[in-house]
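**Student:** I'd like to go over a predicted model; first the sequence, then the structure.
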Amino acid sequence: MLEFSSETLTLLTRVAFLVAAVTDALALVPMLLPRVGSALFGGDSSRATPESRYAMNLAASLMAGWTVLLFWGGMQPLERREVLLITICPSVLGIVSASAVAARRGVIKARRMVPLWIHLGVVSGYCLFVYVLSLQVTS
């Protein structure tokens, strides 16, 4: 296994938290601005029902909370590294699964989701890689 100093592992883990937090923060934009979401992922924002807006606003509040949690994790990244695992599963896997089902049903356009899926895959892979590396340091 690769050996890194505690300082390097702290930096790598902090970067994982910050990239994940910024990803979450950016995800709030299409949630709170339906026209942006439609422009990015397809669909018709004018057809949104009050029920779907309510659900999206609830999701946005949870996403904002997770964003804050990730920034908090970045303040003591090695001590809070398990948050990275929870971010991958169930959070990211749930987002990817839900968007894949929505794409399959024609709610969103799959081709527009591919860049997001790639991004989430890279971020998740990095988080998992850093988590495994960080196990070298006991907190």
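**Tutor:** Arrived safely, thanks for sending.

**Student:** just the CA atoms of the lowest-mean-pLDDT helix or strand in the chain, as CSV, please.
**Tutor:** Scoring the helices and strands of the chain by mean pLDDT, DSSP states H and E places helix 34-41 at the bottom, with a mean of 90. Provided in CSV are the C-alpha atoms of helix 34-41 (Å, rounded to 0.1, in the frame of the first residue of the first chain):
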residue,chain,number,x,y,z
PRO,A,34,-36.6,24.8,-12.1
ARG,A,35,-35.7,26.5,-15.4
VAL,A,36,-32.1,25.8,-14.7
GLY,A,37,-32.9,22.2,-14.0
SER,A,38,-34.9,21.9,-17.2
ALA,A,39,-32.1,23.5,-19.2
LEU,A,40,-29.5,21.1,-17.8
PHE,A,41,-31.5,17.8,-17.7
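
**Student:** could you say what helices and strands that helix packs with?
**Tutor:** Secondary-structure packing of helix 34-41 (3 or more Cβ pairs under 8 Å, 6 or more residues apart in numbering; DSSP states H and E): helix 6-32, helix 110-134. From N, CA and C alone the C-beta is placed, and that goes for glycine too.

**Student:** how much space between the residue nearest in space to the middle of the chain and Leu133?
**Tutor:** The chain has Asp24 as the residue nearest its centroid, 4.9 Å off, counting by Cα atoms, centre = their mean. Distance from Asp24 to Leu133, counting by Cβ to Cβ, to the nearest Å: 22 Å.

**Student:** quick one: low-confidence ranges for the chain?
**Tutor:** The model of the chain has pLDDT under 70 over residues 1, 138-139.
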